[in-house]
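K.L.:
Compute the structure for the input listed below.
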Amino acid sequence: MSRYQQEFQHATQTPETFWAEQAKRIPWFTPPSTILSYDEHQHARWFGDGEMNISYAALDYHVEQGRGEQPAIYWDSPVTGKKATITYSEMRDRVAYFAGGLQALGVEKGDRVVIYMPMIPEALVAMFACARLGAIHSAVFGGFAPNELAVRIEDAQPKVVVAASCGVEVNKVLPYKPIIDHAIELSTHKPDACVVFQRKEHLAELGERDHDWAALVEKAPYAECMPVKGTDPLYVLYTSGTTGKPKGVVRDTAGYAVALAYSMEVIYDVEPGDVFFSASDVGWVVGHSYIVYAPLLRGCTTVVYEGKPVKTPDAGAFWRLIEEYKVKSFFTAPTAFRAIKKEDPDAKLLEQYDISSLKNLYLAGERLDPPTFHWLDDLLDVPVIDHWWQTETGWPIAANVPGLEPMPTKAGSATVPVPGFNVQILDRDGDQANAMEQGSVVIKQPMPPGCLVGVWGDSQRFHSAYMAAFPGYYLTGDGGYFDDEGYLFIMGRTDDVINVAGHRLSTGEMEEVVGAHPAVAECAVIGIHDELKGQLPVGLVIPKDGFDGDETTLENELIARVRDQIGPIACFKQVLVVNRLPKTRSGKILRKLLRNIADGKEFGVPSTIDDPTSLEDVHGAMRERSVGAADKATPV
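P.N.:
This next block holds a predicted model:
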């Protein structure tokens, strides 16, 4: 049996023993004697009687171990032209004094604090400061509209809101204070205080409830770490794309810390002192797990980047960061590299940089399409690792595991389930699917440490949304299959399977074919309503920069490709060339929204959209080409 198989079997057959061993990776105030227990809904809870503090484990502990002068954070902000290096000792002290400031405002264990900040070190300071006190933070992506911030304030009921005076983007400064004030106006819950970190790019006017960050810290006491139970909540994170009542994923403390520490060694293959760079945002789960907590739990240096993959200043930004900070492991979303490939298809800018420090490249957040995988695989001399996980799980469900046993990669596959995740494929009747047979991807109970332990304020919603469909299993909402070598292929959300004249077809497979065309930078295939066949696929494509061919010819070539490789049964007969696709800020294409427009339904602009004008472009293109009932779709 291979090392991976042994570890996977150990985690599956004797989870308590396995995770008791992994719990030794982190420092405890009181080690747990109860490893696994179950709540009233029979959901797994881990390390319930252990006591720890994740701020201590990620900061104070490393200072005590002699890492005080090692950089904890490299901050790099091309949008402001600023950089900073913060050591472990400096970070611990900043966190302790800001925690003291929060204490002075009345924040205690169990209180909630909403954090509304851009990619600056103070965002990490605020998160760790909450954890230090045993308070529960809820980080919200800086720049969310007032209404969306209001519903999160309403749901979490924070004692304090912590914010920056502004966010800075390419050639644009976005003042945050008016957004916060408006959000608090809209919410029936009113926080006691708002702490504002003043950025020189825009100074906010402070009102009665407001406190200046620097002034608060100047007179604050040094706060020690509050011991918390392993099952005490660490944070609430609202899932992207929420509508109506938001869905706040609740993460516990110790299970999360143990899972992250394990993942940094086994999946991300880094040692203490290595530099880890995740190009995400602290408002998303990737930012929480792999910018803020996991790198510092492991004793690494984390890169905090306030910039874009392109335009800050060009498509060589990531290569520059890898060279400058000697990054060993790099993690971003496939959409970032599609943007880079679009602007620099031959990767000419890479030639300017020495990225020999890089050992592994990781991609997640959406499906890694084979054309992007092959572009990167041909370009780089390091493994390109597609891995799959969710906001709800907090860390990877399936991945290559180079820290345990490197495996050959396969385009389109997230490789194998990570030890702890007993992934299975079930058909519509709840029976086990065969190899190569697509079905619902589920995780057999118990879920490993680090996964969500509930939905904030609504335990029934947690059960009904994730556990009720297949009793004894967690429903991921994704469709996929195992091949005959045990490799897992995630084909997209189960609602991305369309039914054409009784034939179930994956839009993900069609996207593979369309995206492989040499002129295509990015694409989406959606299923739209059809009176005769039930649904029909429609392709939307963005050509690569410099494309000077005929759009009609390109459309015809793409239709022919799908016919040749999938068959006429796909009925793929309509392609639109567009300039942009509507995406969330985390890079996911808003396919459901595209389907609603094509089906003539009312549609709103979701809070998570990166560029609202992209919707207008696509809606206009659909109307012009008479796609479905797009002419009847109306924005609300």
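
K.L.:
moving C-terminal of the helix or strand encompassing residue 324, what's the next helix or strand?
P.N.:
Remark: residue 324 resides in helix 317-325, with elements defined by DSSP states H and E. Beyond helix 317-325 on the C-terminal side, the first helix or strand identified by DSSP H and E is strand 329-332.

K.L.:
I'd like the distance from the helix or strand that comes right after that next one to the chain centre, please.
P.N.:
From strand 329-332 onward toward the C-terminus, using DSSP H and E, the following helix or strand is helix 334-343. Relative to its parent chain, helix 334-343 has a centroid offset of 17 Å by CA atoms, centre = their mean, to the nearest Å.

K.L.:
Which strand residues bridge residue 86?
P.N.:
With DSSP bridges applied, residue 86 shows beta-bridge pairing to residue 73.

K.L.:
which ones are touching it?
P.N.:
Residue 86 sits next to 71-73, 75, 94, 121 when contact means CB atoms under 8 Å, 6 or more residues apart in numbering. C-betas here are computed from N, CA, C, even on glycine.

K.L.:
right, and the pair among these with maximum separation?
P.N.:
Spatially, the most separated pair among the contacts of residue 86 is 71 and 94, at 13.7 Å (CB to CB).

K.L.:
How about residues contacting stretch 125-134?
P.N.:
53-56, 58-59, 91, 94-96, 98-99, 101-103, 107-110, 113, 115, 117, 136-137, 139, 162, 223-226, 228, 232, 234-235, 253, 282, 288, 292.

K.L.:
How far off centre is that stretch?
P.N.:
Counting by CA atoms, centre = their mean, stretch 125-134 comes out at 21 Å from the chain centroid.

K.L.:
what's stretch 317-331 in contact with?
P.N.:
74, 76, 78, 268-270, 274-280, 286, 290, 301, 303, 305, 307-310, 332, 336, 340, 349-350, 352-355, 357-364.

K.L.:
could you pull out the strands for the stretch 151-300 of the chain?
P.N.:
Along the stretch 151-300 of the chain, counting by DSSP state E, counting those that start in this stretch, strands occupy 160-164, 166-169, 172-175, 193-197, 210-212, 228-229, 233-238, 248-252, 275-278.

K.L.:
so where do the helices sit in the stretch 351-500 of the chain?
P.N.:
370-379, 459-462 (DSSP state H, counting those that start in this stretch).

K.L.:
Now the last one: buried residues?
P.N.:
Going back to what we said before, that points to helix 459-462. 459, 462 (16 or more other CB atoms under 10 Å).

K.L.:
and the residue of the chain positioned farthest from its centre, which of the three is it?
P.N.:
The outermost residue of the chain, judged by C-alpha distance from the chain's mean C-alpha position using CA atoms, centre = their mean, is residue 532 at 38.7 Å. For residue 532, the secondary structure call by DSSP: H, G, I helix; E, B strand; the rest coil comes out as coil.

K.L.:
how near is it to residue 571?
P.N.:
10 Å (CB to CB, to the nearest Å).

K.L.:
Any idea which helix or strand in the chain has the lowest mean pLDDT?
P.N.:
Among the helices and strands of the chain, strand 503-506 carries the lowest confidence by mean pLDDT, DSSP states H and E, at a mean of 68.
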